[in-house]
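Asker: Return a 3D structure for these sequence lines:
(one chain, ligands or ions: 1)
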Amino acid sequence: MKLFAIFGDPVAHSRSPLMHNNVFKNLHANACYTRVHLKDGTHLKETFFALKLHGANVTVPHKEAAYDACDEVRGFAKKIGAVNTLVNENGRLIGYNTDADGFMYAIKPFQPIHSILVFGAGGTAKALVNKFLDDDITVHVVNRSQRRLDYFQQLGVATHTWDHMPQRTFDLILNTTSAGLDTDTYPAPIESLEPYMTTCHYCADVIYGKTTPFLALARHHGKIFKDGADMLLGQGVLAASYFLEGSFSNEQIETEMKKSFLL
Ligand code: NDP
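Answerer: This is a model prediction of the structure:
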């Protein structure tokens, strides 16, 4: 039996074991997926091989450590320096990143998208903004503090703090901050947020499993919106297709993984 796991700190809340085990069970793959609470990311590689894992996912705060642990990093992960999917390929640790493609999967029904206003400048924003730029989407990034905006300025992206907001409209407004995760806060003061909400077509949040104040505001303004559940599903489908090495189509995996969201 092939063994898989998710590494994180914390990791108890993760839906990944449920999502992947549902796929393995329903597609009759001889595999099992568990979770590993890893405090020190520098121990990731030795723990992965000590547990004889065939593959793994990596969540907060170890995605950069996972990048460093890999023998080879492929595709988009190379560009952003963060890995969320690991595969044991003949004793070599291969790293991928499926988060950004997972988000693009989530917003497929939101078309056309030519411009996006991104709130937040953390790891998730880095991955998504790089993907938007690859897809020729105009992006502006807003963060409550200046420090993390430097990275985006170097990419040539227009950046803003709350006191100098952009003077234009956007197709999609996206919350990548943790505001609303444990607190009832907006990603920016409501008076800075509302002008964009009233003029945009769509709103999206990467937080899943709850209606954040940001999404409640989107609903109040009659916008089409979604939380982070479809992004979670999208990144999971792509990770599972690496784990299962092409034995099943993405459509088959998606059908079975979706069912885990009803459990
Ligand atoms: P980081 O810690 O790297 O970045 C957090 C960002 O949020 C920073 O820009 C920070 O601003 C900002 N922020 C935090 N609190 C507030 C607040 N109260 N008001 C305004 N801004 C705030 O986090 P990640 O990018 O790794 O993760 C962000 C979220 O994305 C998490 O909730 C995570 O669960 C979710 N996520 C969801 C996924 C999915 O599949 N749906 C996948 C990956 C992540 P500052 O720089 O000023 O501190």
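Asker: Look up how far residue 60 lies from the residue in the chain that the ligand sits nearest to.
Answerer: Nearest to the ligand, among the residues of the chain, is residue 122, at 1.9 Å (Cβ to the nearest ligand atom). C-beta coordinates here come from the backbone N, C-alpha and C atoms, glycine included. According to Cβ to Cβ, to the nearest Å, residue 122 and residue 60 sit 9 Å apart.
Asker: And for residue 243?
Answerer: For residue 243 relative to residue 60 (Cβ to Cβ), the value is 21 Å.
Asker: if you count what's nearby, which of these two comes out ahead?
Answerer: residue 243 (24 against 15; other Cβ atoms under 10 Å).
Asker: now that one, nearest residue through space, not along the chain?
Answerer: residue 55 (4.5 Å; Cβ to Cβ, 6 or more residues apart in numbering).
Asker: ditto for residue 1
Answerer: The shortest distance from residue 1 to any non-neighbouring residue, by Cβ to Cβ, 6+ apart, is to residue 30 (5.1 Å).
Asker: The one you found touches residue 4, doesn't it?
Answerer: No - contact criterion Cβ atoms under 8 Å: residue 30 and residue 4 do not qualify, at 11.7 Å.
Asker: With neighbour numbers in mind, choose between those two.
Answerer: Just comparing residue 30 and residue 4: by other Cβ under 10 Å the higher neighbour count belongs to residue 4, 25 against 7.
Asker: C-terminal to the strand or helix carrying the more buried one, what's the next element?
Answerer: Element membership of residue 4 [criterion: DSSP states H and E] is strand 2-8. Moving toward the C-terminus from strand 2-8, the next helix or strand (DSSP H and E) is helix 16-26.
Asker: which other residues reach that next one?
Answerer: Helix 16-26 is contacted from outside by 4, 6, 29-35, 57, 59, 232-233, 236, 239-240, 243-244, 253, 256-257, 259-261, 263, using Cβ atoms under 8 Å, 6 or more residues apart in numbering.
Asker: In PyMOL, select just the buried ones from the residues you listed.
Answerer: Paste this into PyMOL to select the buried members of those, with burial taken from 16 or more other Cβ atoms under 10 Å:
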select buried, resi 4+6+29+31+32+33+35+57+59+232+233+236+239+240+243+244+253+256+257+260+261
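Asker: and the residue nearest to residue 1, what are its phi and psi?
Answerer: phi -80, psi 80 (degrees, to the nearest 10).
Asker: Report the contact partners of it.
Answerer: Counted by Cβ under 8 Å, 6+ apart, residue 30 has contacts 1, 2, 24.
Asker: rewinding a little: could you report the pLDDT at the residue nearest to residue 243?
Answerer: Confidence at residue 55, expressed as pLDDT, is 98.
Asker: All good on my end, thank you.
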